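Colleague: Only the shape, not the letters, is given here:
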Ligand code: AMP
């Protein structure tokens, strides 16, 4: 099957070609015809399956044919990173069809608000927004959604996890009842089904073998005490051909510590977590995408929805709290049928979580022995809950009180000295444990949302004869001259 079989507008097909897509992924094969028929859809598809194009392509096709003179499409997303990523994809797929988009997300600078206000006043074919920030603009009266035709909720489960349910319902109440609604979610807990029932009409369903990492991912576990984790990470970085790696940790307080240790080992590493300012996060993410850093250390804020190409390795520095988070984390690699390696470090406290993951993904994860000179790691016993009084000579039991990265306690003389690429210490302040335990919406606060990267002016004379030469600058659609984030 190729994209021609969907009978898409030729401008959309040109956009698909320019993005280098040859064949639709399974979720695209299933969802595109349903969306083209203008039916409502509930799709259970995790990130990495090509879900974004699964809804963007038929919607851009629709916009190309219908030639609406109003904002026809609203895409609600949980995070600013996802909003930006979708905006970039609209720019790619929609270039030849001259489809315009605005990304609306929270920011800290007063000027951002005004930029967004101007962009929303001018309008665009597609608005991609985080719910909180959109609500704030809607309250001011200049957001025109009264003729909306298509609503997409992307990563609906994450939006609910982040506490956006009320905002979502308030926004949806203000939209026309006659519309097409598409709900994409990586998981389908009852609360998502309930939401779907409330806001969709007679939806079709697409269910992709949910919660199983893509087949191309080589998944491995190492059983290791906390103080063995950093040496093990270093060992892996030395042994394996690592083009780009994300190291996930559940704890914000670990991020800076791991980054500092990696830098001391001589690796180019940067951290990203929700306490960082918008600019810091953006810089770190962009630097990683541009291959300025080989390693990005991140909390779960990055595990869903963020599209980073050519990621060769994902390391779970600790076992995620939820089995589904494991799937999201390892889903950062092996995207769209490429291959990747996902390595998880499991300490004696987290072993009971392994079985949950294995049950969810319906396969056993290989538990590899530690390298020879590491000494013994903890024995695998998934039935045993951790005894909090533990500790022992490996320091596994109590090390979290000191940040938990196990950073300070190198167990042997491996890589003692900094190498020639050593860089200065981290610039970020160390967040507190308390903030780590806050629910996501609280912990990330307004920082989930931020200013649009570009402002695509509404342009009903959208130049349909645009040259095929792509403008490689950040905004290939009209900018309205009112950019820019510094
Ligand atoms: P998503 O699940 O939407 O986050 O997409 C995951 C990745 O797969 C992104 O890098 C997309 O650009 C890429 N992708 C999506 N669909 C295709 C396709 N049909 N062919 C090649 N790459 C794709």
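Modeller: Structure's in. What do you need? As the structure is a computational prediction, the values presented were derived from the model and not from experiment.
Colleague: ranges for the strands of the stretch 101-250 of the chain?
Modeller: For the stretch 101-250 of the chain, the strands defined by DSSP state E, counting those that start in this stretch cover 101-104, 126-129, 150-153, 180-185, 204-207, 217-223, 245-248.
Colleague: List the residue ranges of the stretch 101-250 of the chain that fall below the pLDDT cut-off.
Modeller: By pLDDT under 70, the low-scoring segments of the stretch 101-250 of the chain are 107-111, 209-215.
Colleague: I'd like the distance from stretch 368-384 to the chain centre, please.
Modeller: 31 Å (CA atoms, centre = their mean, to the nearest Å).
Colleague: Give me the buried positions along that stretch.
Modeller: Neighbour counts using 16 or more other CB atoms under 10 Å place 370, 374, 377-378 of stretch 368-384 among the buried residues. Backbone N, C-alpha and C define where each C-beta goes, glycine included.
Colleague: repeat for stretch 312-330
Modeller: Taking 16+ other CB under 10 Å as the neighbour-count basis, stretch 312-330 is seen to contain the buried residues 312-320, 322-330.
Colleague: Filter those down to just the ones in strands.
Modeller: Of those, the ones assigned to strands by DSSP state E are 313-316.
Colleague: Save those residues as a markdown table, and put in distance to the ligand and pLDDT too.
Modeller: Shown next, in a markdown table, are these (distance: CB to the nearest ligand atom, whole Å; pLDDT from 0 to 100):
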| residue | distance to the ligand | pLDDT |
| --- | --- | --- |
| 313 | 17 | 91 |
| 314 | 14 | 90 |
| 315 | 20 | 94 |
| 316 | 20 | 95 |
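Colleague: Among the buried residues of stretch 368-384, which pair sits farthest apart?
Modeller: 374 and 378 (11.9 Å; CB to CB).
Colleague: which secondary structure elements does the one helix or strand residue 284 maps to contact?
Modeller: If you go by DSSP states H and E, residue 284 is part of helix 278-289. Judged by 3 or more CB pairs under 8 Å, 6 or more residues apart in numbering; DSSP states H and E, helix 278-289 is in contact with helix 80-93, strand 269-272, strand 295-298.
Colleague: Mean neighbour count, those: which tops it?
Modeller: Comparing those by mean neighbour count (mean count of other CB atoms under 10 Å), strand 295-298 ranks first with a mean of 27.
Colleague: in its sheet, what does that one sit against?
Modeller: When sheet partners are counted by DSSP bridges, strand 295-298 sits next to strand 245-248 (parallel), strand 269-272 (parallel).
Colleague: Would you mind identifying the next helix or strand past the first one?
Modeller: If you walk from strand 245-248 toward the C-terminus, the next helix or strand you reach (DSSP H and E) is helix 252-265.
Colleague: Next, the angle helix 278-289 makes with that following helix.
Modeller: Note on geometry: by axes from the mean of the first three to the mean of the last three CA atoms, to 10 degrees, helix 252-265 and helix 278-289 are set 50 degrees apart in direction.
Colleague: Tell me which residues touch the spatially closest residue to residue 298 that is not a sequence neighbour, please.
Modeller: Distances taken as CB to CB, 6 or more residues apart in numbering put residue 272 closest to residue 298, at 4.8 Å, once the chain neighbours are dropped. Neighbour list for residue 272: 255, 280-281, 284-285, 296-299, 301-302 [criterion: CB atoms under 8 Å, 6 or more residues apart in numbering].
Colleague: can you do 6 Å?
Modeller: Residue 272 is in contact with 281, 284, 298, counting by CB atoms under 6 Å, 6 or more residues apart in numbering.
Colleague: what does the stretch 51-200 of the chain have sitting close to the ligand?
Modeller: Contact residues (CB under 6 Å from any ligand atom) of the stretch 51-200 of the chain with the ligand: 51-53.
Colleague: that older thread, nearest to residue 189 among the buried residues of stretch 368-384?
Modeller: Closest approach between the buried residues of stretch 368-384 and residue 189, by CB to CB: residue 378, at 32.0 Å.
Colleague: Spell out the secondary structure type for the closest one.
Modeller: For residue 378, the assignment made with DSSP: H, G, I helix; E, B strand; the rest coil gives coil.
Colleague: and it, what does it touch?
Modeller: 223, 348.
Colleague: any chance of the buried residues of stretch 368-384 in TSV, plus pLDDT and distance to the ligand?
Modeller: Listed next are the buried residues of stretch 368-384 as TSV, based on pLDDT from 0 to 100; distance: CB to the nearest ligand atom, whole Å:
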residue	pLDDT	distance to the ligand
370	93	33
374	90	35
377	91	34
378	92	35
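Colleague: how does this structure divide into domains?
Modeller: Split into domains by automatic domain parsing, the chain comes to 3-208, 217-413.
Colleague: which residue does the stretch 51-200 of the chain bring closest to the ligand?
Modeller: Nearest to the ligand in the stretch 51-200 of the chain, going by CB to the nearest ligand atom, is residue 52, at a distance of 3.2 Å.
Colleague: quick one on the thing from earlier: now intersect the residues of the stretch 51-200 of the chain next to the ligand with the helices, please.
Modeller: Per DSSP state H, helices hold the following members of these: 51-53.
Colleague: so, if you compare those residues, which one comes nearest to residue 360?
Modeller: The nearest member of these to residue 360, counting by CB to CB, is residue 51 at 18.9 Å.
Colleague: OK, contacts around the closest one?
Modeller: 27, 45, 184.
Colleague: Show me what the last one bridges to in the sheet.
Modeller: Beta-bridge pairing of residue 184 under DSSP bridges involves residue 43.
Colleague: what's the burial count for it?
Modeller: Using other CB atoms under 10 Å, residue 184 has 27 neighbouring residues.
Colleague: Check the first one too.
Modeller: Other residues near residue 27 come to 23 when the count uses other CB under 10 Å.
Colleague: Could I get the full set of helices for the stretch 1-150 of the chain?
Modeller: Per DSSP state H, counting those that start in this stretch, the stretch 1-150 of the chain carries helices over the ranges 10-18, 26-36, 51-66, 80-93, 110-122, 131-138.
Colleague: what's the least confident stretch among these?
Modeller: For the helices of the stretch 1-150 of the chain, the bottom mean pLDDT is recorded on helix 110-122, which sits at a mean of 84.
Colleague: Tell me how far it lies from the chain's centre.
Modeller: Relative to the chain's own centre, helix 110-122 is displaced by 25 Å; criterion: CA atoms, centre = their mean.
Colleague: Which other helices and strands does that helix contact?
Modeller: Of the remaining helices and strands, none touches helix 110-122 by 3 or more CB pairs under 6 Å, 6 or more residues apart in numbering; DSSP states H and E.
Colleague: Could you rerun that using 10 Å?
Modeller: strand 101-104, strand 126-129, helix 131-138 (3 or more CB pairs under 10 Å, 6 or more residues apart in numbering; DSSP states H and E).
Colleague: Could you single out the most deeply buried of the ones you listed?
Modeller: Taking mean count of other CB under 10 Å, strand 101-104 is the most buried of the helices and strands packed on helix 110-122, at a mean of 29.
Colleague: neighbours around residue 2, how many?
Modeller: Other residues near residue 2 come to 11 when the count uses other CB under 10 Å.
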